[in-house]
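Visitor: my questions are about this predicted structure, shown below with the sequence.
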Amino acid sequence: MSIIVTGSIAWDYLMRFPGRFRDHILPDHLSHLSVSFLVDEKERHRGGCAPNIAYSLALLGNRPKLMGTAGSDFEDYNRWLRSVGVDTSLTVVYEDEFTATFTVITDLDHNQIASFHTGAMARARELSFHDLNPDEIDWVIISPNDPEAMRRYARQCRELGIKFVYDPSQQLARIDREAFMESLQGASVLTVNDYELEMAKKLSGLDEAGLLEHVDVLVVTRGPEGSSAYTREAEYHAPPAKPRAVVEPTGVGDAFRAGLLTGLSRRWPWPTTLRLANLAAVYVIEHTGTQNHYYTLEEFVQRYRENYGDDAAVQELLAEKKEGMTVGG
Ligand SMILES: Nc1ncnc2c1ncn2[C@@H]1O[C@H](COP(=O)(O)OP(=O)(O)OP(=O)(O)O)[C@@H](O)[C@H]1O
Ligand SMILES: [Mg+2]
């Protein structure tokens, strides 16, 4: 049994400028803008959609395989991922590239100036599912990555009959109609947030029912309102779990997807899967960074009970742990 997670792998550099950008940008001189901000705080966080999803999958008792591309600065990140139970054997390191890097400076007014250097991510299209044995793969998630890589992975999974979750997220802005429609073909699940759902509808010219002619399930996250799943026959809605603190929401969507794959790979009923995914997501809100949360399965199951009551399916996670079973080993 295995779950393969594809998507960006990145380092996130977050800096804080103890002033206001507007005091340093002269509107009359924008034609030769040259500004340098002396920043006094800098943090580096592990990021990228694929490791974010894989990390929460590992916390939930799975042994996900991370399939992505990274650069020469990936060594400690790689070691850390392996130490938390992520299999990185399908990740390719290009020594002549940097790992994708997200850099953002935030000022006192919460204005942000950011950049994303693709680096090794631009080579994700060089990896192929044709090099793997499809019989050993249960689920794949195609998360935001080099757009051409996303399109190729969807095509390969379709050709090989591998079940996949199509998760275009913010890359919807970079995908044209043709690529979107092509990638939907053969996807078992399309997952988007409520804003992206509107983008997907506009891009495809289809409504929810129309999208469901191309995928079996449409999963929609609705921020503080929880999440929904739509099939051709029914729809399911799950209320959010209660965050204990709201610190920083970045990465909630990725943790949600880890919960989604946990339920899908065990064929759980939709209400259970959505609730579990909602709970996996709230842990991220309680911490800065997208992989700085932690829980044991015992704590997770207890908190599930506090939010949603008893659920035999979720108890299975504890039983699997006792038996030393991991999905994707
Ligand atoms: N304030 C909140 N309280 C409780 N649960 C939340 C909250 N915000 C998000 N969630 C949970 O996280 C899930 C995903 O959130 P959301 O729809 O905001 O994803 P997103 O917009 O893709 O996030 P991002 O891309 O920033 O990671 C929701 O379905 C919900 O379960
Ligand atoms: Mg998102």
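Guide: Yes, it's here. For clarity, every value in this text was computed on a predicted model and none was experimentally measured. Ligands and ions are numbered 1, 2, ... in the order given.

Visitor: right, and Val246 touches Val282 too?
Guide: No. Using C-beta atoms under 8 Å as the test, Val246 is too far from Val282 to be in contact (9.2 Å). Glycine gets a C-beta too; all of them are placed from N, C-alpha and C.

Visitor: comparing those two, which residue is more hemmed in?
Guide: Val282 (23 against 10; other C-beta atoms under 10 Å).

Visitor: what helix or strand does that one sit in?
Guide: Under the criterion of DSSP states H and E, Val282 resides in helix 270-285.

Visitor: next: Leu81.
Guide: Short version, using DSSP H and E: Leu81 is in helix 75-83.

Visitor: helices or strands next to the helix or strand that comes right after that helix in the packing?
Guide: Sequence-wise, the next helix or strand downstream of helix 75-83 (DSSP H and E) is strand 92-94. When contacts are defined as 3 or more C-beta pairs under 8 Å, 6 or more residues apart in numbering; DSSP states H and E, strand 92-94 sits against strand 69-71.

Visitor: related to what we said a few turns ago, could I get the CA-only coordinates of the helix holding Val282 as PDB?
Guide: Extracted C-alpha coordinates of helix 270-285, given in PDB (Å, rounded to 0.1, in the frame of the first residue of the first chain):
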ATOM      1  CA  TRP A 270     -17.200  10.700   3.800                       C
ATOM      2  CA  PRO A 271     -18.400  12.300   7.100                       C
ATOM      3  CA  THR A 272     -15.500  10.600   8.900                       C
ATOM      4  CA  THR A 273     -12.900  11.600   6.300                       C
ATOM      5  CA  LEU A 274     -14.000  15.200   6.200                       C
ATOM      6  CA  ARG A 275     -14.100  15.600  10.000                       C
ATOM      7  CA  LEU A 276     -10.700  14.000  10.300                       C
ATOM      8  CA  ALA A 277      -9.300  16.300   7.600                       C
ATOM      9  CA  ASN A 278     -10.800  19.400   9.300                       C
ATOM     10  CA  LEU A 279      -9.100  18.400  12.600                       C
ATOM     11  CA  ALA A 280      -5.800  17.700  10.900                       C
ATOM     12  CA  ALA A 281      -6.000  21.200   9.500                       C
ATOM     13  CA  VAL A 282      -6.700  23.200  12.700                       C
ATOM     14  CA  TYR A 283      -3.400  22.100  14.200                       C
ATOM     15  CA  VAL A 284      -1.600  24.200  11.600                       C
ATOM     16  CA  ILE A 285      -3.500  27.300  12.500                       C
END
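
Visitor: and it, anywhere near ligand 2?
Guide: No. Judged by C-beta under 5 Å from the ion, helix 270-285 and ligand 2 are separated, with a smallest distance of 10.2 Å.
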